[in-house]
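A.B. asks: Just a sequence and a predicted model for now, questions to come.
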There are 2 protein chains.
Amino acid sequence: MAGPSSYLRFSLSIFFFSFVLFSIFIPSWYHPSNEPKLRPKRFFPTSKSPVVEEPPRICKTKTRPSSQTIHHPLDPLTAQEITRVGLILRSYPPFESSLPPIHSLSLHEPEKPEVLAWEKGDPLPPRRAFVLALSSGRTHELVVDLGSGRVEAHSIESGSGFPPLTLDDLVAALEVPFASAEFNESILARGVLLSDVKCITPSSGWYGQAEEEKRRVIKVQCFDQEGTSNFYMRPLEGLTMTVDIDKREIVKFLDSGRGIPIPKSAGTEYRYGSVEEEVGCDSAPPLKPISMEQPGGPSFSVEDGHVVKWANWEFHLKADHRAGLVISRARVRDPETGALRSVMYKGFVSELFVPYMDPDDGWYFKTYMDAGEFGMGVTAMSLVPLNDCPRNAYYMDGIFASSDGTPYSQSNMICLFERYAGDISWRHSESPLTASQIRESRPKVTLVARMASSVGNYDYIFDWEFQTDGLIQVKASLSGMLMVKGAPFENTKNVPEDYEMTGPLVSENVIGVIHDHFMTFHLDMDIDGSNNSFVNVRLEKEETPPGRSPRKSYVKARRLVARTEGDAKIKLKLYEPSEFHVINPSRLSRLGNPAGYKVVPGGNAASLLDVDDPPQLRNAYTNNQIWVTPYNRSEQWAGGLLVYQSRGDNTLATWSERNRPIEDRDIVLWYTVGVHHIPCQEDFPVMPTVQLSFDLKPVNFFESNPILHAAPYFEKDLPVCTMAASF
Amino acid sequence: MAGPSSYLRFSLSIFFFSFVLFSIFIPSWYHPSNEPKLRPKRFFPTSKSPVVEEPPRICKTKTRPSSQTIHHPLDPLTAQEITRVGLILRSYPPFESSLPPIHSLSLHEPEKPEVLAWEKGDPLPPRRAFVLALSSGRTHELVVDLGSGRVEAHSIESGSGFPPLTLDDLVAALEVPFASAEFNESILARGVLLSDVKCITPSSGWYGQAEEEKRRVIKVQCFDQEGTSNFYMRPLEGLTMTVDIDKREIVKFLDSGRGIPIPKSAGTEYRYGSVEEEVGCDSAPPLKPISMEQPGGPSFSVEDGHVVKWANWEFHLKADHRAGLVISRARVRDPETGALRSVMYKGFVSELFVPYMDPDDGWYFKTYMDAGEFGMGVTAMSLVPLNDCPRNAYYMDGIFASSDGTPYSQSNMICLFERYAGDISWRHSESPLTASQIRESRPKVTLVARMASSVGNYDYIFDWEFQTDGLIQVKASLSGMLMVKGAPFENTKNVPEDYEMTGPLVSENVIGVIHDHFMTFHLDMDIDGSNNSFVNVRLEKEETPPGRSPRKSYVKARRLVARTEGDAKIKLKLYEPSEFHVINPSRLSRLGNPAGYKVVPGGNAASLLDVDDPPQLRNAYTNNQIWVTPYNRSEQWAGGLLVYQSRGDNTLATWSERNRPIEDRDIVLWYTVGVHHIPCQEDFPVMPTVQLSFDLKPVNFFESNPILHAAPYFEKDLPVCTMAASF
């Protein structure tokens, strides 16, 4: 019924794994009147949906438009600036005849000293853009000065790897199979309607294979969306195409799994309004409304679009197409002096590494590097008010560039909210027999900056949570859909002895393949200034000398100041514990302790892959949980600037081989948090959130507990609430 | 001015380290009209407070009186029942002449099969009490039947160790020094007013020292409360008395630190209303009110005083003098069948081990076992409404026995509340280019049962948080006061080379001594019935055979079913990871996966002490993070039933030496979470909360995601709030 001639029709329903031109679907379309209207680049009508549309929601969101003028040296490029960069590049001689595809276009941040010296009211440093463009397989790195209208720097990258994929790359890759007779024949043979086929574009990784060398390749795999919006649960197992992105041709066509049934659609739907008909005997009564309420409004302000002020904190918050959410210049007010003191110059998730644990033809390559291949900001959809973020949240848009250099808006991409969860910031009770009956307790209220990236099937929620006691908790929550493998059996008892299960059966004919997630954070700590040191405070058993004490042993803390990078490569060990401090050796407390922050790991997991396995080589920055490097403005991305098909020749691990001095210097702390995920039936068809976290905690940074003077809650201060009138 | 003759007056202001007769100070004094009035045992007028009293707070609390009749086999003893046990014991021939001090008196829970067979409406199993009484240094263990009024069982414990301390023990110990000329002389010489002296009673541990053998001894150490309610920060360093509790005499008097200044009081006060005058330049503006609001009230109910029903959960909740808070018969409703399914028969914190890391005479013994020495329930003061627990919390009292067998009430000891913190229970967004623009997200609402124990200086907050997806998160939060050591210097630069610092300087003349906290949880998991197995699901690197795959390695899960206890002694290792499942091998999902729960560690720490150091011997149950034992009703307390001065001859570690079979049996999982605490200036004078946690998470317990059908929030369902009118 469908053949190559249906190519155009079917290309409309294809799924783009990550990069998309979101703008055309976004209602709060960003077009300030004083700027050129943003031009929708292309229009894809949505194909007929096989399931009912979600009911309309009536939500009031407090979204203020992103700043259209620049107020701060770190403010991201505006739509107007992005447009101007495009114009500058089009008139730049090497690109005059044809502008190569833009793979990355964002603010080229001013040098750190310039930013640190800048104060509100000062003139802004020159605005520059950093651009990655790909021409004839070569990556051009350009710095464009917006003031002069000139390209200030232009080099061609010599290392391995390509820049992040563009929408056009994905459109191209996804269109290729539909022109292939082999593909159409396979779909037909599998009994699937071409109109029900949805494809995704897993990145190819790099494995030194001859047919993939010196060209950009990507994988295309497909699913059957018949009867469900959750097509991820219905793989056409065994069908894997390797596509040359630039030549738009299939390099390799694998079609081995026709005998594997396509898993059923029943039980896979998750959209509200679409699942109720399937409800079984769910007899748990619905919960009565509960909400975080702030009738007086929240206590934070966002000045000039990006500068967040809340309680004792002040920081710059922005969206970034690659990192998603960037916290800059985080400073906290000292309760004794009233001064704002520097804590962190810049913090963001630098790279994600997500290896799947299946060596099969259709699976071995699934070793994603989500930030550098797809972009955590590009894949961050609009947050859902009341559900992704509570009432009273403030929303911030991201303004990014498409591959032709035109700007588009990622609306409501970041939210910011105050949080009260019934937790306690400090407490103490005295027994009634002491002089006074003391019952002191202080509620904990925090500020959260949140973003959620949907990298295809998976959803990552990133929270940066600021506490009044100076602690910053960084949380990554995982939800969304499993990446599953079709299997020829419906029950574990039918699995043949010699069949290698690479994960548990999570539904009939569905294996949830085991995988890991590693998230590496770039934490440019600047404790009271840039020159800091990293101290490994080792806790070591000390034997007492004979006769010294009835105790045989105790634990001592030994402070080892890291001289070079080699001293600061840390693998966490339960039985060789340490605290990990970043201190300012020149800023001593009144007691002589250096001001510091420590990174406090939470639950964690490490990569078990061979260190010389290609995916691990490319992600060698996950070989340690902690690294410390001297600040280098070009070292932002743990897996390298160009990670697509990279060979690991330009990562945090290679930079650190130089073993540079890091004592009393401007240093960057890198922390990786990971989790092994053995899926289970509860993860089907959508995963309950799993949360990972770590803390950045002040340690002798303050002279004493900075929230000693916090007031308790009194009944008279709390709101009076009534049930909302239903309408 | 003050001498031995002041003994009586000064004994009124002494501080009891933990055990106290709380009842006499508790306003909501528990005396149901149909029961005999609870008799205040003794009256201590409070001494004149050196600091202003806290302002009155107007708080509405939703406290329902604890059940006075018994509704459930696990309901704790009522005041009436406790009184009756006392009467029975007084007429029990061996105790007729004089009732020995009662060190423990609580429900002797019926045998597990009896409880499991019982259903609401059935007659209750016989009510029994379990009693520990101490007579002439021997611990009597008695089971009293309340129905027959008879002592059913009576044995004398033969192992090492004594039962938990009583109020009388502490009163006795604290009174002893004041009768000592040496003590009074030392106080005078240190320039401290006797009326300002506050003493505490650290437990002595056991170190095989001749003068402490075969008698109960305790340490007494003192502080100067002049100018502050936070006397903990003002130690009279070097003054340590070893007191024979029963003979009421000083066994050993150490007085070595007269040259060490008593740290200043300035900056130590923390009570609201007492600290504002000290505020410096704290310019952070106060936050506007934020509150979790539920105008329709909470969604949980507490039936018959103890049975909690919320969403898909049902469990029995009670106060316990030793464990603090006990969750029993936790069951969750299956969304497919509507049936309540068993998850955990009983969960509670079984023991705490808190070793301080200082070998000095006045410090080596500080290796507390808080639950078995002092009691987490006995030390759990009334929670502060709005601050310890949010609005709409429900409060539950504890009814305990004093040493003469009379009951007293620990009011508002446990709170229960629903929690919404702006978190997400699951989400998925689709890119706009897929057929439908999907933005699905579900808010996370949970139920928390909380208790806070103040074991002298330290505060432990325990949360059991129930999620609708079946997960139980157990959290322990640490706050309160450091145990500090006086030091002769005010700045680290003045510390002599040869002076051993056992912790950082946290204030002038104040060392925050390094210490650990280990909390061991008894988790009697009963997954769909009692016969369960423990499975170590090991994640192991697998090398691919040559030619199999471009990948060199991947990770496989290998399931190792533990046959005996030896197979289930687990030290957590980052590079040898596992999942730890408790499964029901007879309860397979429709796919053939066994129903299970896994324990998911969060951040953790392990004891570094010598395994043969006396404190580690006594707490050898912390040698592994996980143990699994066959259910044995006498094995509830990881450190043994009698831990005071115990030698480690009756702990989880010794029970497990038998290497009993644990496969397909009724088994108990033990999990220990720990933290190393190197204090810092921020911990002075009261510590910001540090939180530890672990999860109990369903794994193939449900057929699929149990909250797939959860509804999102809609604006129309949320409350309408206004600012409260100030009054």
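C.D. replies: Ah, there it is.
A.B. asks: what about the strands in the stretch 201-350 of chain A?
C.D. replies: A:217-224, A:239-244, A:249-255, A:291-293, A:301-303, A:307-310, A:313-320, A:324-333, A:340-355 (DSSP state E, counting those that start in this stretch).
A.B. asks: Would you mind telling me which of those is nearest A:T83?
C.D. replies: A:T83 sits nearest to strand A:313-320 of all those, at 17.6 Å, using CB to CB. All C-beta atoms are positioned from the backbone trio N, CA, C, and that covers glycine.
A.B. asks: For the closest one, report the contacting residues that lie outside it.
C.D. replies: Contacts with strand A:313-320, where a contact means CB atoms under 8 Å, 6 or more residues apart in numbering or on different chains, come from A:72, A:74-76, A:106, A:302, A:306-308, A:325-333, A:340, A:348, A:376-377, A:380, A:396-400, A:410, A:413-414, A:416, A:447, A:449, A:451, A:466, A:468.
A.B. asks: Centre of the chain to it, how far?
C.D. replies: From the chain centre to the centre of strand A:313-320 is a distance of 15 Å (CA atoms, centre = their mean, to the nearest Å).
A.B. asks: Direction included, what does that strand pair up with?
C.D. replies: Strand A:313-320 has the following strand partners under DSSP bridges: strand A:307-310 (antiparallel), strand A:324-333 (antiparallel).
A.B. asks: State the distance from A:E237 to A:P615.
C.D. replies: Going from A:E237 to A:P615 by CB to CB, to the nearest Å gives 22 Å.
A.B. asks: scratch that, A:Y575
C.D. replies: From A:Y575 to A:P615 the distance is 29 Å (CB to CB).
A.B. asks: Check A:P577 too.
C.D. replies: A:P577 sits 30 Å away from A:P615, taking CB to CB as the criterion.
A.B. asks: Those two - which one has more neighbours?
C.D. replies: When A:P577 and A:P615 are compared for neighbours, A:P615 comes out ahead with 30 against 20, by other CB atoms under 10 Å in any protein chain shown.
A.B. asks: Am I right that the more buried one is in contact with A:G205?
C.D. replies: Yes. At 6.0 Å, A:P615 counts as touching A:G205 under the criterion of CB atoms under 8 Å.
A.B. asks: Give me the nearest residue to A:R127, chain neighbours excluded.
C.D. replies: Counting by CB to CB, 6 or more residues apart in numbering or on different chains, A:R127 lies nearest to A:L146, which is 4.3 Å off, once chain neighbours are set aside.
A.B. asks: Need the pLDDT of the one you found.
C.D. replies: You'll see A:L146 listed with a pLDDT of 98.
A.B. asks: and what of the one 10 residues further on?
C.D. replies: Note on A:I156: pLDDT of 97.
A.B. asks: what's the answer for A:G338, then?
C.D. replies: pLDDT, A:G338: 94.
A.B. asks: For burial, what's the neighbour tally of it?
C.D. replies: A:G338: 13 neighbours (other CB under 10 Å).
A.B. asks: try A:L352
C.D. replies: Neighbour count for A:L352, taken as other CB under 10 Å: 28.
A.B. asks: With adjacent residues omitted, what lies nearest to it?
C.D. replies: A:D370 (4.1 Å).
A.B. asks: got a list of what the one you found touches?
C.D. replies: Applying CB under 8 Å, 6+ apart, the residues contacting A:D370 are A:351-352, A:354, A:376, A:379, A:453, A:455, A:460.
A.B. asks: Report the two of those separated the most.
C.D. replies: Between all members of the contacts of A:D370, the longest pairwise span (CB to CB) is found for A:E351 and A:T379 and amounts to 14.1 Å.
A.B. asks: hmm, back to that, redo the strands paired with strand A:313-320 as CSV? Include mean neighbour count, mean pLDDT and distance to A:R138.
C.D. replies: What follows is those, written out as CSV (neighbours: other CB atoms under 10 Å in any protein chain shown; pLDDT from 0 to 100; distance: least, CB to CB, whole Å):
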stretch, mean neighbour count, mean pLDDT, distance to A:R138
strand A:307-310, 20, 98, 39
strand A:324-333, 24, 98, 28
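A.B. asks: Who are the contact partners of the residue nearest to A:D168 when sequence neighbours are not counted?
C.D. replies: Of all residues not flanking A:D168 in the chain, A:S403 sits nearest, at 5.0 Å (CB to CB, 6+ apart). Listed by CB under 8 Å, 6+ apart, the contact set of A:S403 reads A:101-103, A:166-168.
A.B. asks: Okay, and A:S403 sits in which element?
C.D. replies: For A:S403, there is no helix or strand it lies in under DSSP states H and E.
A.B. asks: which intervals of the stretch 1-150 of chain A have sub-threshold pLDDT?
C.D. replies: A:1-67 (pLDDT under 70).
A.B. asks: Enumerate the helices of it by residue range, in sequence order.
C.D. replies: Using DSSP state H, counting those that start in this stretch, the helices of the stretch 1-150 of chain A run over A:7-11, A:79-90, A:112-117.
A.B. asks: How far off centre is the last one?
C.D. replies: Mean-position distance between helix A:112-117 and its chain equals 27 Å (CA atoms, centre = their mean).
A.B. asks: For it, which helices and strands make contact with it?
C.D. replies: The contact analysis (3 or more CB pairs under 8 Å, 6 or more residues apart in numbering or on different chains; DSSP states H and E) places helix A:112-117 against no helix or strand.
A.B. asks: Apply 10 Å and report the result again.
C.D. replies: Using 3 or more CB pairs under 10 Å, 6 or more residues apart in numbering or on different chains; DSSP states H and E as the contact test, the elements touching helix A:112-117 are strand A:324-333, strand A:340-355.
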